[in-house]
Structure formats: structure tokens, C-alpha cells
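Engineer: I would like to see how this sequence folds:
(one chain, ligands or ions: 1)
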Amino acid sequence: MSDQEADQYPKVVGSNSLYPIVSDHGIIIAYGFWCPGCNSHHAFLLPRWDFNENFDSPTFSPSLSIDASKHDFEMRRCHLYLRDGVLEFLPDCTHHLAGKKVALAPEPKLPKSKEEE
Ligand SMILES: [Zn+2]
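Structural biologist: As a prediction, this is how the structure comes out:
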């Protein structure tokens, strides 16, 4: 997905920053979110990933794996679960959040509606 698409659909759903990515035909084809490990956006494509349709406590399965080494000379991998609104980074991530759990949150530059923990 592109940043342009994200700007086009800035709707924040529930208490987290999961946002729908909509096709030209108005069909939701994916849900995007901010990844604090990569400092970029990732997306779960539908129906390839199962989504529990719970926007307050979203869970996708199976895990999402992004291997940026195909696009970048710098080897980078991001591998995570999103369970109950928490990003669970697996140990094989190459960024600083490997092996950690972080609550899903909006991209930092965006104003937060409220602080939640
Ligand atoms: Zn990531």
C-alpha cells in the first residue's frame, strides 16, 4: 500500500490505529497499521489473513512476515503476530523490538485521541 492510500482513508477504528485500505470498488482489501519496529506501515491482506473483526482487540492470523531484503540492500526482516491489539514481534526480527510485545498504536506524528495502556 502507499502513503497516499493511507491518507485517503485516515479513519481510526476502535481504540487503535488499524485502518482499512479500500479498493476502487469500495471493498476493504486490507487493514494497515503502524509498525514501531520498522517505522513504517504494514498491512494484512484480506482474505489471506483471518481477522476477528474486533476493532478494540484485533487479532490476525497467521503471523505477518516482511522481508525487506528483496527491496533493499540492507537485510531487514519483520515478523509479528497481532493478537488482541498487541503486536508480538518474533525473535527473528532484525529491528530493536525483536522478541517484544507492543500495543498497537497510531503513527507517532499523528495526534493521539487518548493515552491508553
Ligand atoms: Zn515491521
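
Engineer: Now do the helices in the chain.
Structural biologist: Listed in chain order, the helices of the chain (DSSP state H) span 3-8.

Engineer: show me what contacts the spatially most central residue of the chain?
Structural biologist: Centroid-nearest residue in the chain: Phe33, 3.0 Å away (criterion: CA atoms, centre = their mean). By CB atoms under 8 Å, 6 or more residues apart in numbering, the contact set of Phe33 is 16-19, 41-44, 82, 87, 104. Any C-beta I mention is one placed from the backbone N, CA and C, and that applies to glycine too.

Engineer: got a pLDDT number for Pro36?
Structural biologist: If you check Pro36, the pLDDT there is 94.

Engineer: How about the residues of the protein by the ion?
Structural biologist: 35, 37-38, 78 (CB under 5 Å from the ion).

Engineer: I'd like a version of these in CSV, one that adds neighbour count as further columns.
Structural biologist: Putting the residues of the chain next to the ion into CSV (neighbours: other CB atoms under 10 Å) gives the following:
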residue, neighbour count
Cys35, 22
Gly37, 21
Cys38, 19
Cys78, 23
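
Engineer: Type out the ChimeraX command that picks the buried ones from the contacts of Phe33.
Structural biologist: Buried residues among the contacts of Phe33 (16 or more other CB atoms under 10 Å), as a ChimeraX selection:
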select :16,17,18,19,41,42,43,44,82,87,104
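
Engineer: Could you dump the contacts of Phe33 into CSV and include pLDDT?
Structural biologist: Converted to CSV, those look like this (pLDDT from 0 to 100):
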residue, pLDDT
Asn16, 53
Ser17, 83
Leu18, 90
Tyr19, 89
His41, 90
His42, 93
Ala43, 94
Phe44, 96
Leu82, 97
Leu87, 97
Leu104, 94
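
Engineer: So which of the contacts of Phe33 are in strands?
Structural biologist: 19, 41-44, 82, 87 (DSSP state E).

Engineer: Show me which of those residues is closest to Asn52.
Structural biologist: Of all the ones in strands among the contacts of Phe33, Asn52 sits closest to Leu82, with 9.8 Å by CB to CB.

Engineer: Looks like Pro20 contacts Ala43 (just checking).
Structural biologist: No - between Pro20 and Ala43 there is no contact under CB atoms under 8 Å: 9.9 Å.
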